[in-house]
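*Asks:* When you get a sec, could you give me coordinates for this:
(2 chains)
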Amino acid sequence: MSVIKVQALSKNFGAIKAVDQLSFEVAAGQVYGFLGQNGSGKSTTIRMLLSLIHPSEGHIEIFGQSLTDNRSAILEQVGAVIERPDSYPYLTAQEHLSLFAKLRKQKITAAKIESTLSQVGLLARANDKVQTYSLGMKQRLGIGIALLHDPQLIILDEPTNGLDPQGIADIRQLIQSLSKEEGKTVLVSSHLLSEIEQIASHILIIHQGKKMAEGPTSSLLDPNKTIVQIKTLDDLGAKQKLIASVYHSNLLERAEGLYLRIPKLEIPALNAFLVASNIDLVSLEAKNSLEDYFLQLTSTY
Amino acid sequence: MWPIIQIELFKIYKRPRTYIAFGAIAALILVIQMGLKIDGEAYAGFLMKDINDTLTVDGKVLNGYLICYILLQLLLVHVPLLVALIAADMLSGEANLGTLRLLFTTPYSRTQWVLAKFIAASLYTILLLIWLAFLALFLSMWIFGTDDLFLMKSNYVVLIQEQDVFWRYIGAFIFASFSLLTVAALGFLMSSLANNSIGPIVATISAIVFFTILSTLNIPLFNVVKPYLFTTHMNNWKEFFDIQVDESNDAITGSVLNMAKIKNSIIILTVHIGLFVGASIWIMKKKDILS
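*Replies:* Model prediction:
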């Protein structure tokens, strides 16, 4: 069953198409990674999912209901952190959670507030005003507010912003436990692609408002899509030799450096070809990561 | 909707800015009261110098009722600026903090949030007015005592008997609440148009100054619109202190010279409140929350 179903969603800001005919589905229990460069349209999409921005075209269904017609019932089951931590500097974390607890139909007890503060690591500072918090603590407070009412769908836009490595690891663990142990559906966007790679079961890549790729993370990281970076003493000469070879169709157009896209098993043969062609090879590096795939899809030549 | 009104009230209560207005009003009133307590007789003598030859006034001219009238004349021009400090920040301040996104992704609708915020701003405004009434009226009555109220208008004098004054102040404060709620609603409208705190506050104050000037100028072109400007009606609380006289020119106790004018002003101000708040709701419903 799809928790989120987006069909032909578009948003125009004047002449600018921020989101262009975007369609995707998020299944229950998935951690769905939403990738895109700055300005690619992912935050705009997330805001449309949360009814902060009115779509120009298209349709959004969440929990099988139209967002336009059932906004209130849908948002009762959604928790979200949008882009940056939002909080009132003159209130404490405890006061924040107590206030937002009042906004939900279900009764949220003091014990639940305390356990949420503990879950996001703010129990010790619960009675300090937010203006004394670091950015990372504010981010954790935002996540606490999002999780307080035990939502079925959690939408996290850049949740690791401002967090230190330990904080990032904690959020990663939290997202994984929400999905695996509690069966929650999580839609997460991040510019830290390595983070998405580690936590998301499905990935959508968006560029200039359009969907570039979508699918299970494992399939997007197919070994057949390995990207190899070649470093030589004479890149121009090496490039000419590669263009004249069987590898011409594997060559990727990148602004800097030489990159080929070949199956992992063919890397030794490529190495042999470079040596045989008297190319002064410095290094040959396989970049089997989502980041390279993402850059390949979204790079502008 | 009560939970979100509670939340808005709690936020106002916790904000340091809230107390600036209460502090400013207290400071101004206490300084003026202290000055009049020390040097009040000289001030009363100055007020009466033009009529001392033609009129003899028994009793205490500089009493709590007169002090309150002087204070209201001075302060009801400035209190709108203090109301603007809070009301004009209710929506834009949250947009600036980013917290509007938090509120608008809860199950409550934007209309409910905007109304809750306006109700909270209105309660704040009324509390400010009660604070003003406590200091300007009750504290003055306690410090200076009470007596008949003797007012010098531009070309006549009004003498209201002591037992006929208090209810007029209650009426004046109720009227003033409409004036200040209009300012709050205007601030609210400005707030819905911006994403920063300062702009709407300055815009509200500028609008009040601009329309006050239009209301004051006696130019035929502006006379057409003047009856419909809220600033024309904001100071009509003074009408409670103009009384009817009988055939022998004695004041009629409990009368107000022009009650129709007061009612008309209240209607005009209420219409402005409705229009400003309605426009704020419409704008916020249409708005894309980008900040």
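
*Asks:* Quick check, the residue in the stretch 201-301 of chain A closest to chain B?
*Replies:* residue A:209 (15.2 Å; C-beta to the nearest C-beta). The C-beta positions use only the backbone N, C-alpha and C, and glycine is treated the same way.

*Asks:* Touching, that residue and residue A:9? I think so.
*Replies:* No - using C-beta atoms under 8 Å, residue A:209 makes no contact with residue A:9, being 9.5 Å away.

*Asks:* ok, which residues in chain A are in contact with chain B?
*Replies:* A:47, A:50-54, A:71-73, A:75-76, A:78, A:80, A:82-91, A:95, A:99-100, A:102-105, A:145 (C-beta under 8 Å from any C-beta of the partner chain).

*Asks:* run the last query once more with 6 Å
*Replies:* Applying C-beta under 6 Å from any C-beta of the partner chain, one finds that chain A approaches chain B through A:50, A:52-53, A:72, A:75-76, A:80, A:82, A:86, A:90-91, A:99, A:102-103.

*Asks:* Emit the ChimeraX select command for whichever of the residues you listed are buried.
*Replies:* Entered in ChimeraX, the line below selects the buried ones among the residues of chain A next to chain B, by 16 or more other C-beta atoms under 10 Å in any protein chain shown:
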select /A:50,52,53,75,76,80,82,86,91,99,103
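
*Asks:* For the residue of the stretch 201-301 of chain A closest to chain B, grab phi and psi.
*Replies:* phi 80, psi 0 (degrees, to the nearest 10).

*Asks:* where does chain A have its least confident helix or strand?
*Replies:* Across the helices and strands of chain A, mean confidence by mean pLDDT, DSSP states H and E is lowest for helix A:290-298: a mean of 64.

*Asks:* Apart from its neighbours in sequence, what residue is nearest residue A:145?
*Replies:* Nearest in space to residue A:145, with sequence neighbours left out and distances taken as C-beta to C-beta, 6 or more residues apart in numbering or on different chains, is residue A:100 at 5.1 Å.

*Asks:* From what I see, the one you found and residue A:147 are in contact.
*Replies:* No - with contacts counted by C-beta atoms under 6 Å, residue A:100 stays clear of residue A:147, the gap being 10.6 Å.

*Asks:* what's the average pLDDT for the longest helix seen in chain A?
*Replies:* For chain A, the helix that runs over the most residues, judged by DSSP state H, is helix A:165-180. Mean per-residue pLDDT for helix A:165-180: 84.

*Asks:* And stretch B:222-237, by the same measure?
*Replies:* Rounded mean pLDDT across stretch B:222-237 is 89.

*Asks:* chain center to that stretch, what's the gap?
*Replies:* 15 Å (C-alpha atoms, centre = their mean, to the nearest Å).

*Asks:* measure residue B:153 to chain A for me?
*Replies:* 46 Å (C-beta to the nearest C-beta, to the nearest Å).

*Asks:* Could you list the low-confidence segments of chain B?
*Replies:* Along chain B, segments meeting pLDDT under 70 span B:51-53, B:55, B:57, B:291.

*Asks:* Quick one: name whatever helix or strand follows the helix or strand harbouring residue B:127.
*Replies:* Using DSSP states H and E, residue B:127 sits in helix B:110-133. Using DSSP H and E, the helix or strand that follows helix B:110-133 in sequence is helix B:140-144.

*Asks:* C-alpha coordinates for that following helix, CSV please?
*Replies:* The C-alpha trace of helix B:140-144 is given here as CSV (Å, rounded to 0.1, in the frame of the first residue of the first chain):
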residue,chain,number,x,y,z
SER,B,140,-5.0,58.6,40.0
MET,B,141,-8.2,58.3,42.0
TRP,B,142,-6.3,56.9,44.9
ILE,B,143,-3.5,59.4,44.8
PHE,B,144,-5.4,62.6,43.9
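
*Asks:* Could you check how far the following helix or strand past the longest helix of chain A is from the centre of its chain?
*Replies:* Toward the C-terminus, helix A:165-180 is succeeded by strand A:185-189 as the next helix or strand (DSSP H and E). In terms of C-alpha atoms, centre = their mean, the centre of strand A:185-189 is set 7 Å apart from its chain centre.

*Asks:* what packs against strand A:185-189?
*Replies:* Counting contacts by 3 or more C-beta pairs under 6 Å, 6 or more residues apart in numbering or on different chains; DSSP states H and E, strand A:185-189 is packed against strand A:31-35, strand A:153-157, helix A:165-180.

*Asks:* out of the ones you listed, nearest to residue B:222?
*Replies:* Closest approach to residue B:222 among these (C-beta to C-beta): strand A:153-157, 50.9 Å.

*Asks:* what lines up beside the closest one in the sheet?
*Replies:* Partners of strand A:153-157 in the sheet, by DSSP bridges, are strand A:78-81 (parallel), strand A:185-189 (parallel).

*Asks:* Can you say which of the ones you listed is nearest to residue A:230?
*Replies:* Residue A:230 sits nearest to strand A:185-189 of all the strands paired with strand A:153-157, at 32.2 Å, using C-beta to C-beta.

*Asks:* Measure how the helix or strand that contains residue A:58 sits relative to strand A:153-157, angle-wise.
*Replies:* Using DSSP H and E, residue A:58 sits in strand A:57-62. Put simply, strand A:57-62 runs at 130 degrees to strand A:153-157, going by axes from the mean of the first three to the mean of the last three C-alpha atoms, to 10 degrees.

*Asks:* next helix or strand past strand A:57-62?
*Replies:* Immediately after strand A:57-62, counting by DSSP H and E, sits strand A:65-66.

*Asks:* partners of that following strand, with directions?
*Replies:* Assessed with DSSP bridges, strand A:65-66 is paired to strand A:57-62 (antiparallel).

*Asks:* What is the burial count for residue A:63?
*Replies:* Neighbourhood size, residue A:63 [other C-beta atoms under 10 Å in any protein chain shown]: 20.

*Asks:* I misspoke; the intended subject was residue B:120.
*Replies:* Look at residue B:120: counted by other C-beta under 10 Å, it has 23 neighbours.

*Asks:* Not counting its neighbours along the chain, what's nearest it?
*Replies:* Using C-beta to C-beta, 6+ apart and skipping residues adjacent in sequence, the residue nearest residue B:120 is residue B:8, 3.5 Å away.
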